[in-house]
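> Sharing a model that was predicted from the sequence below.
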Amino acid sequence: MSSINLDNPVVRSYIVYSAILALKLLFISILTALARMTRNVFANPEDAVLTKGKVKFDDQVVERKRRAHLNDLENIPAFWVLGALYVTTGPAVAWAQLLFRAFTLGRILHTIVYAIIPLPQPARVIAFGVPFAINIYIGVQVILHYATAL
Amino acid sequence: MSSINLDNPVVRSYIVYSAILALKLLFISILTALARMTRNVFANPEDAVLTKGKVKFDDQVVERKRRAHLNDLENIPAFWVLGALYVTTGPAVAWAQLLFRAFTLGRILHTIVYAIIPLPQPARVIAFGVPFAINIYIGVQVILHYATAL
Amino acid sequence: MSSINLDNPVVRSYIVYSAILALKLLFISILTALARMTRNVFANPEDAVLTKGKVKFDDQVVERKRRAHLNDLENIPAFWVLGALYVTTGPAVAWAQLLFRAFTLGRILHTIVYAIIPLPQPARVIAFGVPFAINIYIGVQVILHYATAL
């Protein structure tokens, strides 16, 4: 059984990329808040008072950032748990690092092409699909490794 | 204090069911994508270009899958963290395994009766309620066990 | 390297506040369900049958609770992972406990001023901002500590 401790490079790689993904996810809150302020559209009447803004739920710039945010919530927490569980299966160091890096890079590109500089497809399909496939792959590896515990 | 290592059957049970729940959650993304393609309705203009689809936010088939997805996000990550913390309290093996299995089964049924074959209530209330009650129960057990750390 | 075990007071503090945050997050499901029932508005036709309710997606009382819920999902899972990773960096006990307590208190206040007793701004900006800043701070600390693993 592999050693799960903080000297293990797979553990350290998991930790640093998980933290980067968390900051990236949180960053979209700032993007959305800036878009709300510059466009003066809000989700609550109490938010709109000061700047005499509008309560509006279909501003396309704001909603695009919100969709990018929700897509992060649908994918990044799954990585946080699957990545941690995958580390316990003792994967090869370089392979696990490659997966963690590709996942993180994919999700950063996803935010860029969805919420910052909207690009034509298939930019977002690819930026979504690579991390999605990694999540599925590491999830299947975890289940196969622990299948006797079902 | 119980031993938290990868030979502990409670740990292994937590790992395998957490991974199954993650794959189940990710699976709804595929359901939603398929529904969007077969119904030719999308959330972004750039997604609709290729097939001359419509940008539409109230397609009832797509929105039902999206609600099932959001409900997963409201319940499964809470299980991931509460389940892991509960394992550290040293629960009885068979009891913890029963809770993890019931949670997982409930959430799978929830997806089926919400997003795949919509059934009359109380099908979804039950499929939601059992995992919800398990989350509350294990959360309370964790807090009682670590109450001196408040 | 700090000792990551269940006798470590930082670990115990992380565990108990993470569990409280999970119960708080789950509690909004109950708030939303109660609001749906008292106002007789639902998201699905099968939910509305029994009480002859309406399917409605713009009830302001229900939607406010749903926005509070989504905001929890955007912030609390990030804390669960960042908090756990931060513990591995060996922070000072009193400082880490202060951060975990302030995060938890902030998120509880956020729910109160958003979903229970809507208050004028800047009540919610503050209740959102303090936990958000804590998430960013601990995320940066984790990345700095493990930067060699990039």
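Received, thanks.
> quick one: contacts for the residue sitting furthest away from the middle of chain A?
Most distant from the centre of chain A: A:Lys52, at 33.7 Å, with distances by C-alpha atoms, centre = their mean. Neighbour list for A:Lys52: A:Asn40 [criterion: C-beta atoms under 8 Å, 6 or more residues apart in numbering or on different chains]. The way it works is simple: take the backbone N, C-alpha and C, and place the C-beta from them, glycine included.
> ok so it is a helix residue?
No: secondary structure of A:Lys52 (DSSP: H, G, I helix; E, B strand; the rest coil): coil, not part of a helix.
> That one and chain C, how far apart?
Distance, A:Lys52 to chain C, using C-beta to the nearest C-beta, to the nearest Å: 13 Å.
> Also A:Ala33?
Computed as C-beta to the nearest C-beta, the A:Ala33 to chain C distance reads 9 Å.
> other SSEs contacting the helix or strand containing that residue?
Assigned by DSSP states H and E, A:Ala33 falls within helix A:9-39. For helix A:9-39, the elements it packs on are helix A:60-87, helix A:93-111, helix C:60-87, helix C:123-145, judged by 3 or more C-beta pairs under 8 Å, 6 or more residues apart in numbering or on different chains; DSSP states H and E.
> What residues does A:Thr148 make contact with?
By C-beta under 8 Å, 6+ apart, the contact list for A:Thr148 reads B:Arg12.
> Repeat the analysis, applying 10 Å as the threshold.
Applying C-beta atoms under 10 Å, 6 or more residues apart in numbering or on different chains, we find A:Thr148 in contact with B:Pro9, B:Arg12, B:Val16.
> how about it, secondary structure?
Under three-state DSSP, A:Thr148 falls in the helix class.
> picking that back up, dump the contacts of A:Thr148 into JSON lines; add pLDDT and neighbour count as well.
JSON lines is the format used below for these (pLDDT from 0 to 100; neighbours: other C-beta atoms under 10 Å in any protein chain shown):
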{"residue": "B:Pro9", "pLDDT": "96", "neighbour count": "13"}
{"residue": "B:Arg12", "pLDDT": "97", "neighbour count": "21"}
{"residue": "B:Val16", "pLDDT": "98", "neighbour count": "23"}
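> re earlier: save the helices and strands packed on helix A:9-39 as CSV, and put in distance to chain B, mean neighbour count and mean pLDDT too.
Listed next are the helices and strands packed on helix A:9-39 as CSV, based on distance: least, C-beta to the nearest C-beta, whole Å; neighbours: other C-beta atoms under 10 Å in any protein chain shown; pLDDT from 0 to 100:
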stretch, distance to chain B, mean neighbour count, mean pLDDT
helix A:60-87, 5, 22, 98
helix A:93-111, 13, 19, 98
helix C:60-87, 5, 22, 98
helix C:123-145, 15, 19, 98
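> and those helices as TSV, adding distance to B:Ser29?
Output for the helices and strands packed on helix A:9-39, formatted as TSV (distance: least, C-beta to C-beta, whole Å):
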stretch	distance to B:Ser29
helix A:60-87	6
helix A:93-111	13
helix C:60-87	16
helix C:123-145	25
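> from chain A, which residue is nearest to chain C?
Of all residues in chain A, A:Arg12 sits closest to chain C, at 3.6 Å by C-beta to the nearest C-beta.
> Once you drop chain neighbours, what's closest to that residue?
C:Ala149 (3.6 Å; C-beta to C-beta, 6 or more residues apart in numbering or on different chains).
> residue contacts, that neighbour?
Applying C-beta under 10 Å, 6+ apart, the residues near C:Ala149 are A:Pro9, A:Val10, A:Val11, A:Arg12, A:Ser13, A:Tyr14, A:Ile15, A:Val16, A:Tyr17, A:Gln97, A:Phe100, C:Ile143.
> May I ask which two of those are separated the most?
The largest separation in those, counting by C-beta to C-beta, is between A:Val10 and C:Ile143 at 17.2 Å.
> Need the phi and psi values for the residue lying closest to A:Arg64 once chain neighbours are set aside.
Excluding its sequence neighbours, the residue lying closest to A:Arg64 (C-beta to C-beta, 6+ apart) is A:Ala115, at 6.0 Å. As for A:Ala115, its main-chain torsions (degrees, to the nearest 10) stand at phi -110, psi -20.
> what sits against A:Ala115?
Counted by C-beta under 10 Å, 6+ apart, A:Ala115 has contacts A:27-28, A:31-32, A:35, A:61, A:64-69, A:71-72.
> Farthest pair within those residues?
The two members of the contacts of A:Ala115 with the most space between them (C-beta to C-beta) are A:Val61 and A:Asp72, at 17.6 Å.
> what pLDDT does whichever residue of chain A sits closest to chain B get?
In chain A, no residue comes nearer to chain B than A:Ala149, which is 3.6 Å away by C-beta to the nearest C-beta. pLDDT recorded at A:Ala149 is 94.
> From B:Arg64, how far out is it?
33 Å (C-beta to C-beta, to the nearest Å).
> same question, A:Tyr114
Noted for A:Tyr114: a distance of 23 Å to B:Arg64, by C-beta to C-beta.
> Please apply the same query to A:Gly129.
From A:Gly129 over to B:Arg64 the distance is 24 Å, taken as C-beta to C-beta.
> next one: A:Val130
From A:Val130 over to B:Arg64 the distance is 28 Å, taken as C-beta to C-beta.
> And for A:Thr32?
For A:Thr32, the distance to B:Arg64 equals 25 Å [C-beta to C-beta].
> One more: A:Asp7?
From A:Asp7 to B:Arg64 the distance is 48 Å (C-beta to C-beta).
> cool, and A:Leu31?
Look at A:Leu31 and B:Arg64: by C-beta to C-beta, they are 29 Å apart.
> quick one, what contacts A:Thr111?
Counting by C-beta under 10 Å, 6+ apart, A:Thr111 has contacts A:Lys24, A:Leu25, A:Phe27, A:Ile28, A:Leu31, A:Lys65, A:Ala68, A:His69, A:Asn71, A:Asp72, A:Ala127.
> What residue, apart from its backbone neighbours, is nearest the fourth one spatially?
Read it as A:Ile28. A:His69 (4.4 Å).
> What distance do you get for A:Phe128 to C:Val87?
Counting by C-beta to C-beta, the gap from A:Phe128 to C:Val87 is 32 Å.
> nope, A:Ala19 is what I was after
Taken as C-beta to C-beta, the span from A:Ala19 to C:Val87 is 12 Å.
> Common neighbours of these two, please.
Common neighbours of A:Ala19 and C:Val87 (C-beta under 10 Å, 6+ apart) are C:Ile138, C:Val142.
> Please render the contacts of A:Thr111 as JSON lines that adds distance to A:Ile108 to the earlier fields.
Converted to JSON lines, the contacts of A:Thr111 look like this (distance: C-beta to C-beta, whole Å):
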{"residue": "A:Lys24", "distance to A:Ile108": "6"}
{"residue": "A:Leu25", "distance to A:Ile108": "11"}
{"residue": "A:Phe27", "distance to A:Ile108": "10"}
{"residue": "A:Ile28", "distance to A:Ile108": "11"}
{"residue": "A:Leu31", "distance to A:Ile108": "13"}
{"residue": "A:Lys65", "distance to A:Ile108": "15"}
{"residue": "A:Ala68", "distance to A:Ile108": "11"}
{"residue": "A:His69", "distance to A:Ile108": "14"}
{"residue": "A:Asn71", "distance to A:Ile108": "13"}
{"residue": "A:Asp72", "distance to A:Ile108": "11"}
{"residue": "A:Ala127", "distance to A:Ile108": "8"}
